[in-house]
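Undergrad: no FASTA, just this:
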């Protein structure tokens, strides 16, 4: 019979003890994990359900106590709009009536318009002076400032450096330090020789409307959905439909195809459309649809006049910056603003015949109720 080494003999019980201890701890950890899992499942299943209330259009201060006892986790985001009172709830991240678990995160976008600054006029001034105008804006006894935003340059009959357009327009209330984008003339030289169309990606469409009118090339606007309300009205992409962005000069522009422009339109599923200063007017029933037309905004305040001309081929929707009582009016072909003396005067072509026109009102004189046309 082989003789067993004494060290081997002592090692066997030690291995058995280690094995038994390992099994014991493994069983303990397994039992702990299963118990924890069961507790979590029970807590999830027994967590109370909450119906999300309707909050859009109400004042947060009036809803505060109810929300604090609702079982929802409330988070706040703020923006500044003049046409809504302080604390007005503009949107909610979960649609009213939805059934969610207690503790679910609900984000409310509320209005905070305590400090607003009217945008000064920059059109017609030098680009070099614009920052100084924006640097000091007096509101009552306080002084605020705005900044120069995106600068877009195009050839124009105006002297080089003169501001041709701005966004937001003069008088628009904005929060301090907001950017004001400008369109600046490069002078008339390139109008004869031709030039490359400027990069307008993420530029506000209001600037592009001015460009299209000045260079007499119509634009066709196609809205594309964005879920970021601050992107509403920004250009996503432009298709020149001519094989390139080179503009030959005004004398040849009449033969160019319309530019197709994709413009971001805010729309968030499950929420009401964000009620900001942009409106999208339906032009599907407009008799100008599919034709190149000059588009004017006509004020419906005490004195009526045409403003903010654009040159477009209508598709379905047309974006308008909602600043005051206006209606949208279109005239067939390219029309010079100066030839429209009053709202009762129709521009005439070279043969002396009146051109077709179509009108879409956006707001009524009360400024609060929408009439003809659609706010999309």
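TA: Structure's in. What do you need? Everything numeric here is computed off the predicted structure, so don't read it as measured data. Numbering: from 1, shown residues only.
Undergrad: Run a quick check on residue 209 versus residue 219, I expect a contact.
TA: Yes. Judged on Cβ atoms under 8 Å, residue 209 makes contact with residue 219 at a distance of 7.4 Å. (Each C-beta comes from the backbone N, C-alpha and C, glycine too.)
Undergrad: any shared contact partners between those two?
TA: 310, 312 (Cβ atoms under 8 Å, 6 or more residues apart in numbering).
Undergrad: Who has more neighbours out of these two?
TA: residue 209 (26 against 23; other Cβ atoms under 10 Å).
Undergrad: quick one: contacts of whichever strand or helix holds the more buried one?
TA: Using DSSP states H and E, residue 209 sits within helix 205-215. Helix 205-215 is contacted by residues 150, 152, 154, 156, 164-165, 167, 169, 181, 183, 198, 200, 218-219, 221, 233-235, 238, 247, 250, 253, 259, 261, 263, 294-295, 308-312, 319, 321 when judged by Cβ under 8 Å, 6+ apart.
Undergrad: so how far is stretch 231-246 from its chain's centroid?
TA: 17 Å (Cα atoms, centre = their mean, to the nearest Å).
Undergrad: go on, stretch 215-227?
TA: Per Cα atoms, centre = their mean, the centroid offset for stretch 215-227 relative to its chain is 14 Å.
Undergrad: That one - what's its average pLDDT?
TA: Mean pLDDT, computed over stretch 215-227, is 88.
Undergrad: for it, which positions count as buried?
TA: Buried residues in stretch 215-227, counted by 16 or more other Cβ atoms under 10 Å: 215, 217, 218, 219, 220, 221, 223, 226.
Undergrad: beta partners for the residue nearest to residue 293 when sequence neighbours are not counted?
TA: Nearest non-adjacent residue to residue 293, counting by Cβ to Cβ, 6 or more residues apart in numbering: residue 330, 4.3 Å away. Judged by DSSP bridges, the bridge partners of residue 330 are residue 295, residue 358.
Undergrad: export the buried residues of stretch 215-227 to JSON lines and tack on secondary structure and distance to residue 103?
TA: Listed next are these as JSON lines, based on DSSP: H, G, I helix; E, B strand; the rest coil; distance: Cβ to Cβ, whole Å:
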{"residue": "215", "secondary structure": "helix", "distance to residue 103": "56"}
{"residue": "217", "secondary structure": "coil", "distance to residue 103": "55"}
{"residue": "218", "secondary structure": "coil", "distance to residue 103": "53"}
{"residue": "219", "secondary structure": "strand", "distance to residue 103": "48"}
{"residue": "220", "secondary structure": "strand", "distance to residue 103": "48"}
{"residue": "221", "secondary structure": "strand", "distance to residue 103": "43"}
{"residue": "223", "secondary structure": "strand", "distance to residue 103": "37"}
{"residue": "226", "secondary structure": "strand", "distance to residue 103": "30"}
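Undergrad: Of those, which is the nearest to residue 30?
TA: residue 226 (50.2 Å; Cβ to Cβ).
Undergrad: how much space between the closest one and residue 266?
TA: The gap separating residue 226 from residue 266 is 6 Å, by Cβ to Cβ, to the nearest Å.
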